[in-house]
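Visitor: could you look at this predicted model? Sequence included:
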Amino acid sequence: MKGKNFIIAGAGLIIFAVILFSVLNVNKVGAVGQTTSKSGNVLGNELPFNGEVQEVKLYMKDYKYVTEPAVLKKGVPVRMTVDTKTVVGCAADVTIKEFGVRKYVRPGDNIITFTPTKTGTITIACSMNMFFGSFQVVDDSNPNAPAEVTASIPQSSGGSCGAGSGKCGCGGRL
């Protein structure tokens, strides 16, 4: 009987340890379907409030990603709300390579967060490189400094897997 009680107590201790570990690390582990940035921040979650946050809308128009506003500030966190009625199909797998962003958006999980660390023209693409768009990042701390171009914007083929342009990109990675 002592052996059986020891096993039950040991199992209870293990279960307690697992629960305690889970509770203490709940903010460090991303849920399924979330993307983690190179800095370890889970993209798509609320940003920690540290003053200013840039609210941005992302949608598709004429097979291109469009952001409103189209000019963002370097160093200021961005909370990008994606319109999942226009951003559909493979376009819903949004990548912003310059900032290590990749997230598959869907209704109820359509927020992408990141902080712009570079200035210039930044490209947004789907993971298959079929759809593109861009936005500008400027350095407000030095308004006279010209924005350096950090990415060129490939032309979209109109959403048919690029077959007409010879640049399919299927299976493209961030």
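Guide: Done, it's in.
Visitor: I'd say Lys73 and Thr115 touch.
Guide: No: Lys73 sits out of contact with Thr115 when judged by C-beta atoms under 8 Å, with a separation of 9.9 Å. For the C-beta atoms, the positions are set from N, CA and C on the backbone; glycine is no exception.
Visitor: quick check: buried residues in stretch 125-145?
Guide: By neighbour count on 16 or more other C-beta atoms under 10 Å, the buried set for stretch 125-145 is 125-139.
Visitor: whoops, stretch 106-119 was the one
Guide: Neighbour-count burial for stretch 106-119 flags 110-116, 119 (criterion: 16+ other C-beta under 10 Å).
Visitor: adding secondary structure and distance to Thr67, write the residues you listed out as a markdown table.
Guide: Below are the buried residues of stretch 106-119 laid out as a markdown table (DSSP: H, G, I helix; E, B strand; the rest coil; distance: C-beta to C-beta, whole Å):
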| residue | secondary structure | distance to Thr67 |
| --- | --- | --- |
| Asn110 | coil | 14 |
| Ile111 | strand | 14 |
| Ile112 | strand | 11 |
| Thr113 | strand | 14 |
| Phe114 | strand | 12 |
| Thr115 | coil | 15 |
| Pro116 | coil | 12 |
| Thr119 | coil | 16 |
